[in-house]
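Asker: test case, fold it:
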Amino acid sequence: MLNMEMDASFPKGWPYGSLMTIQWAGSLALIITLYVGSYWLGGTGFVIFSGWTSFFSILFIWLAHLFGLQRKTYQVGHGFVFIPFSLIAFFYSIIGILLFAISFLICFVSTFYSFRYAISVTFTYLISTIFCIMVGGSFAYFAILLYRACPNGNLRNLTQVIIEGDRTAAMTPNINDSTNPNRPPI
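Answerer: Residues are numbered from 1 along each chain as shown. This is a model prediction of the structure:
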């Protein structure tokens, strides 16, 4: 049975909790803005793909942190498994930077191209451009913060970093020297 406790302070914790909240909420706002818009210009499909991809991936990691799953070690058979959510979040952030940089360019060009249409189309793409900057910037800042939190600047060491919301904590593995085989080594 999985024992979970909700960490209600995680979404408010600056910088990590707030940035992850901005990432999924901004992606959702971008998707809603484009779906409410009256007309889609070329390239909008990629922007929607970027929004949905980041929304689901970051929401999954955000929920794992909200319920404290980033600190847990799970027993599978006779072995123990630790899921490195900080490493996964770092790689999602790198992918998010690339996706939202391209999405920003698409929305920025579409804003000027939409002057030929109704003013609502221009506002839709102007607001979408702002959301792309906001989400892409939060991905970039999050990746920089996680890289700076890496022990010795080695990305492989992100498997030992636990995101707490307002800080990161280093996890050091312990040697399982007890006679109890059910005690996790971490």
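Asker: switch to C-alpha atoms for all contacts and neighbour counts from now on
Answerer: Noted.
Asker: what comes up buried for the lengthiest helix in the chain?
Answerer: The single longest helix within the chain, with elements called by DSSP state H, is helix 119-149. The neighbour-count check on helix 119-149 (16 or more other C-alpha atoms under 10 Å) flags 121-143, 145-147, 149 as buried.
Asker: how close does the spatially closest residue to Phe90 that is not a sequence neighbour get to Ile95?
Answerer: Nearest non-adjacent residue to Phe90, counting by C-alpha to C-alpha, 6 or more residues apart in numbering: Ala143, 5.6 Å away. To Ile95, Ala143 is 10 Å away according to C-alpha to C-alpha, to the nearest Å.
Asker: check Phe82 too.
Answerer: Applying C-alpha to C-alpha, the value for Phe82 to Ile95 is 23 Å.
Asker: then Leu63?
Answerer: Distance, Leu63 to Ile95, using C-alpha to C-alpha: 19 Å.
Asker: what does Ala169 give?
Answerer: Taking C-alpha to C-alpha, one finds Ala169 at 24 Å from Ile95.
Asker: neighbour-wise, which of those two wins?
Answerer: Ile95 (18 against 12; other C-alpha atoms under 10 Å).
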